[in-house]
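1. fold the following and give me the result.
(4 chains, ligands or ions: 2)
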Amino acid sequence: MTLREGLHRELGLTDDELQAIIERLGRDPSYTELAMFSVMWSEHCSYKSSRSHLASLPTEGPHILVGPGEGAGIIEVAPGVSVAWKIESHNHPSFVEPFNGAATGVGGIVRDILSMGARPIALMDPLRFGHLDDARTRYLVDGVVHGISSYGNSIGVPTVGGELVFEECYEENPLVNVACLGLVDGRLMSGRADVAGHSVVLFGSATGRDGIGGASVLASAEFDEHSHEKRPSVQVGDPLTEKLLIEASLELIRDDLVAGFQDLGAGGLSCPTAEMAAKSHMGMDLDLDRVHLREADMEPFEVMISESQERMLAVVEPGNVGAVLEICGKWGLEASAVGEVTSSGNIHVRLNGATVAEVPAESLADEGPLYDRPRRRPDWLDALQARAPGDDSRGDLEKAFLEVLGSPSVASKRWAWEQYDHMLFLGTVQGPGGDAAVLRLPGTDTAVAVTTDGPGRFCFLDPYEGAKLAVAEAARNVACVGARPVAITNCLNFGSPERPEVMWQFAEVVRGIRDACEALATPVTGGNVSFYNETQGRAIYPTPVIGMLGVLESAGGSVGLAFGSAGDALVLLGETRDDDFGGSEYAKVVNHTVAGRPPVLDLEAELRLQGVLIEAATRGLVRSSHDLSSGGLAITLAESALAGRIGFALRERGGQDHRWLFSESPSRAIVTCSGAALDEVLSLASDVGLPASTIGEVGGDALDFAVFALPLELATRTFEDALPSRLSATMA
Amino acid sequence: MRARVGVVVFPGSNCERDCVKSLSQLGAETELVWHDDPVLPEVDIVVLPGGFAHGDYLRTGALARFSPIMQAVTDHAERGGLVLGVCNGFQVLCETGLLPGALHKNKGLKFMCKWTELRVDNAATPFTSRASTGSVLKIPINHFEGNWYCDPETLQGMRERDQIVLRYVDNPNGALDDAAGIVNENGNVFGLMPHPERACDELLGSEDGIVLLGSAIDHVLKTTPARV
Amino acid sequence: MTFSVVVNVMPKAGISDPQGQTIERALPALGYTGVNGVRVGKRIMLEIEAATEDEARARATEMCERLLANSVIEAYEVAIGEARTEGAQA
Amino acid sequence: MTFSVVVNVMPKAGISDPQGQTIERALPALGYTGVNGVRVGKRIMLEIEAATEDEARARATEMCERLLANSVIEAYEVAIGEARTEGAQA
Ligand SMILES: Nc1ncnc2c1ncn2[C@@H]1O[C@H](COP(=O)(O)OP(=O)(O)O)[C@@H](O)[C@H]1O
Ligand SMILES: [Mg+2]
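-> Ligands and ions are numbered 1, 2, ... in the order given. Okay, here's the model as predicted:
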C-alpha cells in the first residue's frame, strides 16, 4: 500500500518524522498506523520540543512518591495519607466551544487523577481571557465558567479556587487550565501492563468520532469514493458518565481487580495501550470489533485515535474480567475486554480478524522525535525593559486606588466561584476568595492548602525572573494560610515552539521554575505544556501557571485573609522597594503601561518571610495573613478589610505615597494580631532578619490610608460589582 | 437506642457520604442504600441526598423518580416514616409527588453555591423541633434548580397548614413565597434546597444544620418504641 | 413500523420562564428590538416502534405524562412524523 | 405586524447527546421498549415585530446565529407562524 503523497503533512508529521517511522517499521505505515503515530508523536503527546528542557526540573523530595511520568504526581502529606496533584490545559477547545471545551478539560484532568487510584476531591481553574469590552470575550468567560460549573458540580468534585485574569494578549487565545487534587484511596495505581495474558478492558462512554479533527483527512484519503462528511471535532462532555466512571473505578481498585490503569485522553485508545505496553516492555493485541462504538461505520484509524471522553482502560487478570464487567454494569457503564497483553512488544490491532496495525509500542510511546529547537532572545526585549515601567503618579490617589480595585483582574471573583460547588466533602476550611484554599482531606485530620499563580506580565518582561516570581508567589500564598509549601505542578502556556523567541522564553521560564523550586524545596511533580497559543504570529505572554501544594499541621489552625477584631495591629512583613512597578497592576491600569523589569525577587528573603508566616500561624499568633501581590499594599489591605467587613487606619507610611501603596515588591505580607501577640510576631521576624513594622490598626468602617480614606461600603461595591456589571453587558 | 438512617444513592448522587458523616456525628446509625434495590433496609429515616441523580438529564429528579427504591421510599412515607430530601433529593420528592410543586431554574440562571439565612416558620415539625419559630439558621445552598413553584390553590393550602417550614431571609433563586424547605401535609416528608449536612461543623462555617438533622433524630427517639 | 416522533415541552402559560426572560432582556443590547414573549422549552425527538400511528401517539403521550414533561410547570404536544418499515431503520 | 416564530435547536448529527442517550437507556426500565434515537434539543418561541414574513424570518435567523443556537454543535430551524396586527398583541 502506498500513502498518498503529502498525507503525513496533513496529519502534522514532518517529512523527517515520516522517514523515521518508515525506518523503524522497515516499511510504509498503514493508514491506521500513520494515524496512531500522528497523535502519539504530536507535540501534545510526545513533548518533543519541551522534553529536553523539562528534564532539568527538580522532581525529587522526601514527600514525593511519584514524580512526572504517570497520570499525576503523588505526594505523601502525612504518614499513610497521599494526594495526587496535576494541572492540564484545554485552551484551544475552549476557544472553539467554551462550554464543552472547559467541561471536557475538567473531565480530562479528573481522569488523570483517577488513573492513579485517587479520588478527585478538588478542582482549581486558572483562567485567562482578553478584555471584557469585547463581546466574544464575555461570551467565552461566561461559557467557560458555566462549563466548569456544570461539569465539575455534576461529577461531584468541588472547585475551590482558581484565577481569572484579563489581558489583551489572551483575546484570541484564552487559557483554560484546570488543576485537580485527589486523595489516594487505598492502592496506588500505575499505567502498566506487566503480565502477558492479562486482559485489557475498555470501559465508559462509547467511542464516537469525537476529536478526530485533523486526522479526518485520512477518511477522504483512504476512501475517496465515499464522501465522508467532515465531522465536527468538538467533544461534548457527559458528566454523569464521568461521575459513574469515578465510582466504578474506585470500586474496582478497592476490590483489587485491576493490575494496571490509565485514562483515555489526547491520542485516544492509541495512547494508554502504547504507553502501558511500552512502560512494561510488553505488547498488546487489540480487537476493534469489541470496542463499543457510538456510530456503527467507524474506520479502524478513527477507533484508535478518537478522543471520545469519559473512558478508562484497565489491565486485568483474566480471572477478574467477569467481576470487572459486573461492577461496570452496576454503575451503568459499558465495558468490554478489547484485547490482551502480549510479550510481542507490539501494539497489534485487528478488525474482523485482519491486521490493521502492528507497531512496536515503544516506537509510539518512547521513540518519538526529540527537538532542541533554536532559541533566541527577542530583539525587542532590551527596549521594552529599558522603558519606564509606568510608575508615574497621577495625583488623585483615591481615584487610582478605585481604578485598580475595580480592574477585572483584581476585583472579586465571586461571580465565578459562586457558580462552583466549593463545599462538597465537608473539607473546605477555606474556600475561594483567599490566598489559598485549605482542605481537610476526607476521612483524615490532615489538611492541605492549594493555590495557582501565573503572572504573565512579569514573564513577558523577563521570563526567568517572572517564573521565579510565579513560584514564589504561589508558595507565599500557601504560607499565608499557615501551610508549608511542599510541591508544585505546572502548566506552561506558550506560543509556537517553532519560533526561536518563544523557545527562548520557554527555556528561560523552565530555568526560573527550576531555580525557584530548588531554593524553596518544592519539587515539580508533573504538569503540562501547551504550545501554539498564538494567532497570526501574535503569541500570548509566556504564562507558566504554578499549582502549589502545601501541608498544614492542623486544619483548625489555618489563617484567613479577613481582618478580625478592632484594635488588632497591622504588621507589614518584608521590604518595600519604591521602583517595583514593571508589569504591576498600577502601571497597567493607571498608566496603561507594561514595560520595564519585573520586581526584584530575593529567594532567601522569600524563604525568611514564608518561615515567619508559617511559624506565626502555627503558634496561633496571627488573626489574619495576606500577601502583597497585584496592586500592592493598598489592594492587600482593602481585600482583608472587605473580607472581614471591618475597616483599618494606617499610621505609618514610607516614601512617596503612590509608590508605598502600589509597588509590587515581592516577599511581603500583612498580618494582623492582637496587642498581646504583637511582640512575639515582631520578634519572630527580627530573629531571622525580616523587616517588620506596625503600620496601623484594624477598626472602623473606613479604609483609611492616611493620605486618603474612603468608606468600606464604596470599596465593597467597587470590588464586588466590577465583574458582574461588565459581564452582564450582553449576557445571555 | 440510635436512630437508623438510610441514605439513598442514585447514579450521580454526590452528597451521600457527607450526609452519612454529619448524621453519624449526631449519633445516628447510617447506611447507604443503592437506588436499584426494591426494598429499604430497616430504617427510621430515609435521606435522599444532594447531587445530580441521572445527571439531572431531562429534568432534575425526573429519572430518579423511577428508581426501584422509590416505591419503597413512598411506602415508608405512607407508613409515617420520616423522609428528608436535600437539594437534589427535594427535587426527586417533588417529581415523585411526595411533596407538592416543582423546582425550576434559579431566576439568575446561574448555579449558586453560597451561605444563606433561613427563617424557621414552623417549629412544630419533626424536622424543626430543636428550633423556635422565627429563629434564623445559617446553611449553604448549592443548586441551579431551586426555584420552587406550585399553583396558587396549592400554595394557599400549604400556607394555611404551615407547610412552608423554612423561608429564605434574602431569596436567592426566585422561589415562590421565599420557600426554602417544605413539608407534606403529614409533616413527615421534608424537602429543602439548603444543605444542612454542610453546616454541622464550626470549622466549616456553621453548626446550624444540626438543628434540622438533630430534630429528625430526636423525633425518632421520641416516637419509636425501644428496639431490642 | 418505526415512527419519528417529536415531543415539544414548553413552560405552561402563566409560569415564569427565567430562560426566556433572560434571552428577551439580552436581545435589545444585541440590537434586536420588537421581540417579545420569548419562551424556552425542550424539543425531544425519538423513534418509536409501533404497529400504527395511533399506537405510537398513545405511547408517546403516556411517556410525556409520566416522564417527559412535568405537568406542574410544563405543557407538551406530540407530533408523529413519517413511518418507516423496520428494515430501513438506521 | 407581529409574527409568532418558533425556533427549534437540536444537537448536530455526529455530536454526541449524552442527555438523549441517558433517557434512551433509562426507558426500558420504565417499561418503554422499542424507543430509539432519542435526541434532546431546545424549542424557543418568540414574537417578532416585522413588516413582512421575510423580515421576521431574516431577523430570527440572525438571532439564531448570534444567540439562540451554538452553531458549532447545534443545528437550528426557524418556522414563522401566524401574523397579527399590532393591536391584537397580547
Ligand atoms: N476562576 C476562578 N475560580 C475559582 N476561584 C477563583 C477564580 N479566580 C479567582 N478565584 C479565587 O479568588 C481569589 C483571588 O484570586 P487571586 O487574585 O488570583 O489570588 P492571589 O492574588 O492571592 O493569587 C482566590 O481565592 C482564588 O482562588
Ligand atoms: Mg495572594
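2. give me the most central residue, the chain.
-> The chain I'm using is chain A. Note on chain A: the residue nearest the mean C-alpha position is A:I87, at 3.5 Å, using C-alpha atoms, centre = their mean.
3. try chain B instead
-> Closest-to-mean residue, chain B, C-alpha atoms, centre = their mean: B:G85 / 2.8 Å.
4. in a strand, it, correct?
-> Yes: counting by DSSP: H, G, I helix; E, B strand; the rest coil, B:G85 falls inside a strand.
5. give me the neighbour count for residue 63.
-> Let's take chain A. A:H63: 18 surrounding residues under other C-beta atoms under 10 Å in any protein chain shown. The way it works is simple: take the backbone N, C-alpha and C, and place the C-beta from them, glycine included.
6. you answered for a different chain; I wanted chain C.
-> Counted by other C-beta under 10 Å, the residues lying close to C:M63 total 24.
7. pretty sure it contacts D:T33?
-> No: using C-beta atoms under 8 Å, C:M63 is not in contact with D:T33; the gap is 11.9 Å.
8. anything in contact with each of these two?
-> D:L27 (C-beta atoms under 8 Å, 6 or more residues apart in numbering or on different chains).
9. would you agree A:N173 is in contact with A:F95?
-> Yes: using C-beta under 8 Å, A:N173 makes contact with A:F95 at a distance of 6.9 Å.
10. shared neighbours of those two, which are they?
-> What both A:N173 and A:F95 touch, as defined by C-beta under 8 Å, 6+ apart, is an empty set.
11. check contacts around B:S215.
-> B:S215 neighbours (C-beta under 8 Å, 6+ apart): B:125-131.
12. and the residue of chain B closest to ligand 2?
-> Nearest to ligand 2, among the residues of chain B, is B:G205, at 21.1 Å (C-beta to the ion).
13. and the pLDDT for that residue?
-> Looking at B:G205, its pLDDT stands at 96.
14. show me what counts as buried in stretch A:411-421.
-> Neighbour-count burial for stretch A:411-421 flags A:411-413, A:415-421 (criterion: 16 or more other C-beta atoms under 10 Å in any protein chain shown).
15. near ligand 1, from these?
-> A:413, A:416-417 (C-beta under 6 Å from any ligand atom).
16. Serialize those residues to JSON lines and add fields for secondary structure.
-> Below are these laid out as JSON lines (three-state DSSP):
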{"residue": "A:K413", "secondary structure": "coil"}
{"residue": "A:A416", "secondary structure": "helix"}
{"residue": "A:W417", "secondary structure": "helix"}
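17. closest one of these to C:L46?
-> Closest approach between those and C:L46, by C-beta to C-beta: A:A416, at 37.0 Å.
18. so the residue nearest to that closest one when sequence neighbours are not counted is in which element?
-> Using C-beta to C-beta, 6 or more residues apart in numbering or on different chains and skipping residues adjacent in sequence, the residue nearest A:A416 is A:V145, 5.0 Å away. For A:V145, the host element (DSSP states H and E) is helix A:135-154.
19. does the helix or strand harbouring A:S640 reach ligand 2?
-> Per DSSP H and E: A:S640 is located in helix A:632-644. No: Helix A:632-644 lies apart from ligand 2 when judged by C-beta under 5 Å from the ion; the minimum separation is 7.9 Å.
20. tell me how many other residues crowd A:A266.
-> A:A266: 16 neighbours (other C-beta under 10 Å).
21. in the sheet, which residues pair with the nearest residue to A:D704 once chain neighbours are set aside? Tell me.
-> Among residues not flanking A:D704 along the chain, A:A649 sits closest, at 4.0 Å (C-beta to C-beta, 6+ apart). Here A:A649 sits in beta bridges with A:E697, A:D704, as judged by DSSP bridges.
22. contacting residues for A:A649?
-> A:696-697, A:699-700, A:702, A:704, A:706, A:709.
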